[in-house]
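**Student:** predicted model, plus sequence, below.
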Amino acid sequence: MADRFYINCPLAVGPVVLQGAEAHHLTHVLRARAGDQVILFNGDGHEYLAEVISVDRRGVELQVRKRNSPAREVGHQLIVAAPVPKGDRAQFLVEKLTELGVTRYVPLRTRRSVVHPHEAKLERFERYVIEASKQCGRNVLMAIEPIADWEEFCQRGNMPAERWLAEVGAKSVPGARGRDLVVAVGPEGGFVEEELQLAALHGWKSISLGPRILRVETAALVAAVRAMGYLTAVT
Ligand code: SAH
């Protein structure tokens with residue numbers, strides 16, 4: 001795959017100018033020259049094969065030659081809701097959910113969650129999504145939702161009919177689905193009884209992810225993989 005660059009503007013066959021951090025990366029790190037081929041994407045589901053025309057201090061001028069639409073998305077909606085893990089583990093979670101093809105990530109506030117990111121931090125998450133998409137070839141960006149209260153979130157009306165809640169010790173084991181699905185993971189301290197009861201009342205099905213207790217980010221990734229049916233469930 002040619003090097004991929006994200007550009008936050010509409011793209012079509014024709015001229016385009018790359019500026020800012022991405023232009024800097026192209027010229028100073030990759031030392032692009034006129035005639036080089038790159039791939040541009042903006043999250044619209046397509047990727048754009050482009051040729052470098054000229055490079056100067058103000059930016060990189062390119063000519064988009066062709067639009068391609070490779071199938072790299074999951075094919076159904078997959079929403080993952082989980083509290084934000086501490087420190088670097090948050091970046092890890094956002095990157096890996098992006099690589100796996102998750103549609104949207106919802107940071108959760110629960111009774112026992114401890115990290116409650118503000119706007120600026122969520123913007124940083126969007127940067128992690130872009131970086132991961134450059135690397136993995138996704139042309140649709142995973143959406144990052146504003147932080148949601150579990151009590152409000154688990155009662156939302158416009159949610160997929162299939163709703164999984166990862167619960168240590170649950171009996172039900174998830175298998176392949178291939179349809180719209182939302183999966184929720186609790187904080188390191190677990191959901192409190194009241195939160196679990198409210199979810200059950202609103203059609204959430206408790207699922208097991210195996211006999212060991214997983215950290216939030218591991219649980220979220222395993223649940224996402226199971227929801228896509230990439231692995232056969234084992235407990
Ligand atoms: N002390 C907590 C553990 C929380 S682990 C407890 O006993 O509940 C953090 C979250 O990851 C849990 O709330 C759950 O949603 C998920 N999780 C971790 N391991 C799991 C497993 N084996 N099966 C299902 N969910 C799991």
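**Tutor:** Now that the structure is in, tell me what you want to look at. Every value quoted in this text rests on a predicted model; they were computed, and no experiment measured them.

**Student:** how's this protein carved up into domains?
**Tutor:** The chain breaks down into these domains under automatic domain parsing: 4-68, 78-232.

**Student:** off-centre distance for the first one?
**Tutor:** Relative to the mean C-alpha coordinate of its chain, domain 4-68 is positioned 23 Å out (C-alpha atoms, centre = their mean, to the nearest Å).

**Student:** repeat for stretch 130-142
**Tutor:** Offset of stretch 130-142 from its chain centre (C-alpha atoms, centre = their mean): 9 Å.

**Student:** interface residues of this structure facing the ligand?
**Tutor:** Applying C-beta under 6 Å from any ligand atom, one finds that the chain approaches the ligand through 166-168, 170, 185-186, 188-191, 208-210, 212-214, 216, 219. Quick note: C-beta positions are derived from backbone N, CA and C, even for glycine.

**Student:** filter the residues you listed down to the buried ones.
**Tutor:** With burial judged by 16 or more other C-beta atoms under 10 Å, the buried subset of the residues of the chain next to the ligand is 166-168, 170, 185-186, 191, 208-209, 214, 216, 219.

**Student:** of those, closest to the ligand?
**Tutor:** Within those, the smallest distance to the ligand is 2.4 Å, found for residue 186 (C-beta to the nearest ligand atom).

**Student:** which ones are touching that closest one?
**Tutor:** The contact partners of residue 186, by C-beta atoms under 8 Å, 6 or more residues apart in numbering, come to 82-83, 110, 112, 166-167, 195, 216.

**Student:** narrow those residues to those in strands?
**Tutor:** 82, 166 (DSSP state E).

**Student:** make CSV from the contacts of residue 186 and add pLDDT and distance to residue 95 to it.
**Tutor:** Converted to CSV, the contacts of residue 186 look like this (pLDDT from 0 to 100; distance: C-beta to C-beta, whole Å):
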residue, pLDDT, distance to residue 95
82, 98, 14
83, 98, 17
110, 98, 23
112, 96, 25
166, 97, 20
167, 97, 26
195, 98, 27
216, 98, 15
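
**Student:** looking at the domains of the chain, which is buried most?
**Tutor:** Highest mean neighbour count among the domains of the chain (mean count of other C-beta atoms under 10 Å): domain 78-232, with a mean of 18.

**Student:** three-state assignment of residue 218?
**Tutor:** For residue 218, the assignment made with DSSP: H, G, I helix; E, B strand; the rest coil gives helix.

**Student:** do you know how far it is from residue 120?
**Tutor:** Distance of residue 218 to residue 120, computed by C-beta to C-beta, to the nearest Å: 26 Å.

**Student:** take the residues of the chain next to the ligand and keep only those in helices.
**Tutor:** The members of the residues of the chain next to the ligand that map onto helices under DSSP state H are 216, 219.

**Student:** in the protein, what spans have low per-residue confidence?
**Tutor:** Applying pLDDT under 70 to the chain flags residues 1, 176-177, 230-235.

**Student:** how near is residue 160 to residue 81?
**Tutor:** Counting by C-beta to C-beta, the gap from residue 160 to residue 81 is 12 Å.

**Student:** next: residue 180.
**Tutor:** For residue 180, the distance to residue 81 - C-beta to C-beta - is 14 Å.

**Student:** give the partner strands of the host helix or strand of residue 182 in its sheet and their orientations.
**Tutor:** Taking DSSP states H and E as the definition, residue 182 sits inside strand 181-184. Sheet pairing of strand 181-184 (DSSP bridges) gives strand 78-82 (parallel), strand 162-166 (parallel).
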